[in-house]
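**Q** Sequence and predicted model, in that order:
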Amino acid sequence: MRDELKKIAKAFFYYHRGFPYLYWRFIAAPRIYRAGVLEKPATRDDLSVHMLFGARDMLLACWSLASWYSVSTVHGRLFIHSDGTLTDAHKVTLKRLFPSHTCVDARDVVDEHGAFFEAHPALKKFRTRYKKFQAKKLLDPYLSSNARYRLVLDSDMLWFKNPVELWDALDAGLPRTLMMDDGAGPHSYVVFKNGSRLSEELAQFNSGVTFYRSDQFSVEKLTAYIHSIDWEHAKFTDQAAYATMFMPTVERLPMSRYIIKGTLTDDIIMRHYTNPSRTKFYFYGLDRVYSKIFSNHV
């Protein structure tokens with residue numbers, strides 16, 4: 001409740017869009033739960049799409065997935081990863097909207113993949129003890145799918161056009177891992193146990209979109225990264241871990257089309273509404289996709 005009150009205050013006093021926010025957040029957005037099937041049939045059996053979220057972000061995630069399915073021309077098998085807070089009622093709704101998805105509960109992953117974690121005790125310790133979402137986002141999509149290509153998406157994004165850069169890379173065999181550009185400047189600086197700091201180049205990657213081949217995911221590199229940082233006491237980001245693990249075959253998507261800040265022009269494919277701009281998701285994003293999505297799925 002306190003977090004929502006802060007968003008309402010920000011909508012009124014910072015953005016001066018208080019009443020539009022109230023309408024889109026509390027009247028229009030919840031209608032997604034009454035929509036029909038939002039997903040589209042898979043077009044690639046070698047592609048899996050993964051999204052991790054919990055009860056707090058259920059509404060955003062449903063709209064994010066709806067906008068994805070409304071514009072993308074390529075579809076893989078959908079995996080929805082619960083952070084452990086999705087209720088049975090949430091899961092019933094998700095099954096109705098996205099009936100073919102596979103639900104992965106984060107609380108079950110360590111037990112279900114016991115052989116992997118026994119073979120990699122450092123990753124088991126990290127996945128078990130690190131309670132924030134980053135450990136789940138790094139490991140669960142890799143372990144849950146057997147697809148050659150894995151696309152990991154954040155739930156606080158809206159899609160406005162077909163992501164052609166992703167599909168061109170897929171057609172070419174995804175020779176390089178793709179991630180977002182931070183756009184607003186590097187925010188992923190981390191300090192390692194030896195006192196060194198993550199390079200500026202790697203700090204500019206954002207993991208809102210992370211697209212990789214299964215053989216590009218290096219368990220050895222990830223283990224080395226986990227050993228190099230005091231993740232129990234210092235700052236840890238999944239995007240820095242991803243970028244370090246995928247080096248040197250990782251590149252950023254064009255920040256002019258996959259944005260975190262900026263104007264929603266006709267060229268924009270997707271906007272990532274990170275926490276500082278989460279309020280805008282509703283009155284400067286959802287208002288642009290609502291009619292296209294909702295009118296087709298009531």
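**A** On my side now, so go ahead. Numbering: from 1, shown residues only.
**Q** which helix of the chain spans the most residues?
**A** helix 58-71 (DSSP state H).
**Q** which strands and helices sit next to that helix?
**A** strand 47-53, helix 88-97, strand 157-159, helix 287-294 (3 or more Cβ pairs under 8 Å, 6 or more residues apart in numbering; DSSP states H and E). For every residue, glycine as well, the C-beta is placed using N, CA and C.
**Q** among those, which is nearest residue 166?
**A** strand 47-53 (9.9 Å; Cβ to Cβ).
**Q** contacts for the closest one?
**A** 60-61, 64-65, 68, 74-83, 86, 106, 133, 136-137, 140-141, 144-145, 147-155, 170 (Cβ atoms under 8 Å, 6 or more residues apart in numbering).
**Q** Convert the longest helix of the chain to CSV, retaining C-alpha atoms only.
**A** Provided in CSV are the C-alpha atoms of helix 58-71 (Å, rounded to 0.1, in the frame of the first residue of the first chain):
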residue,chain,number,x,y,z
MET,A,58,1.2,-9.7,-11.9
LEU,A,59,-0.7,-6.9,-13.6
LEU,A,60,2.4,-5.5,-15.3
ALA,A,61,3.4,-8.9,-16.5
CYS,A,62,0.1,-9.7,-18.0
TRP,A,63,0.2,-6.5,-20.0
SER,A,64,3.8,-7.0,-20.9
LEU,A,65,3.1,-10.5,-22.3
ALA,A,66,0.0,-9.3,-24.0
SER,A,67,1.9,-6.5,-25.8
TRP,A,68,4.6,-9.0,-26.7
TYR,A,69,2.2,-11.4,-28.4
SER,A,70,0.4,-8.6,-30.1
VAL,A,71,3.5,-7.5,-32.1
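**Q** residues in contact with residue 136?
**A** 52, 81, 83, 106, 109, 127 are the contacts of residue 136 under Cβ under 8 Å, 6+ apart.
**Q** correct me, but the last one touches residue 117?
**A** Yep, that's residue 127 we're talking about. Yes - when contacts are counted by Cβ atoms under 8 Å, residue 127 is listed as touching residue 117 (6.9 Å).
**Q** Mutual contacts of those two, please.
**A** residue 110.
**Q** List the buried residues for the biggest strand by length in the chain?
**A** Longest among the strand segments of the chain by residue count, using DSSP state E, is strand 205-213. For strand 205-213, a neighbour-count test (16 or more other Cβ atoms under 10 Å) marks 205-213 as buried.
**Q** same check, this time on stretch 60-74
**A** Applying 16+ other Cβ under 10 Å to stretch 60-74 flags 60-72, 74 as buried.
**Q** I'd like those laid out as JSON lines, including distance to residue 252 and pLDDT.
**A** Listed next are those as JSON lines, based on distance: Cβ to Cβ, whole Å; pLDDT from 0 to 100:
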{"residue": "60", "distance to residue 252": "24", "pLDDT": "97"}
{"residue": "61", "distance to residue 252": "24", "pLDDT": "98"}
{"residue": "62", "distance to residue 252": "28", "pLDDT": "98"}
{"residue": "63", "distance to residue 252": "25", "pLDDT": "98"}
{"residue": "64", "distance to residue 252": "21", "pLDDT": "98"}
{"residue": "65", "distance to residue 252": "24", "pLDDT": "98"}
{"residue": "66", "distance to residue 252": "26", "pLDDT": "97"}
{"residue": "67", "distance to residue 252": "22", "pLDDT": "98"}
{"residue": "68", "distance to residue 252": "20", "pLDDT": "98"}
{"residue": "69", "distance to residue 252": "25", "pLDDT": "97"}
{"residue": "70", "distance to residue 252": "25", "pLDDT": "96"}
{"residue": "71", "distance to residue 252": "21", "pLDDT": "97"}
{"residue": "72", "distance to residue 252": "20", "pLDDT": "98"}
{"residue": "74", "distance to residue 252": "20", "pLDDT": "98"}
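**Q** out of those residues, what pair is the most spread apart?
**A** Largest pairwise distance in the buried residues of stretch 60-74, by Cβ to Cβ, is 22.7 Å, between 60 and 74.
**Q** now the nearest residue to residue 149 once chain neighbours are set aside: how far from residue 137?
**A** Residue nearest to residue 149 in three dimensions, not counting chain neighbours: residue 47, with 4.6 Å by Cβ to Cβ, 6 or more residues apart in numbering. Here residue 47 is placed at a distance of 18 Å from residue 137 (Cβ to Cβ, to the nearest Å).
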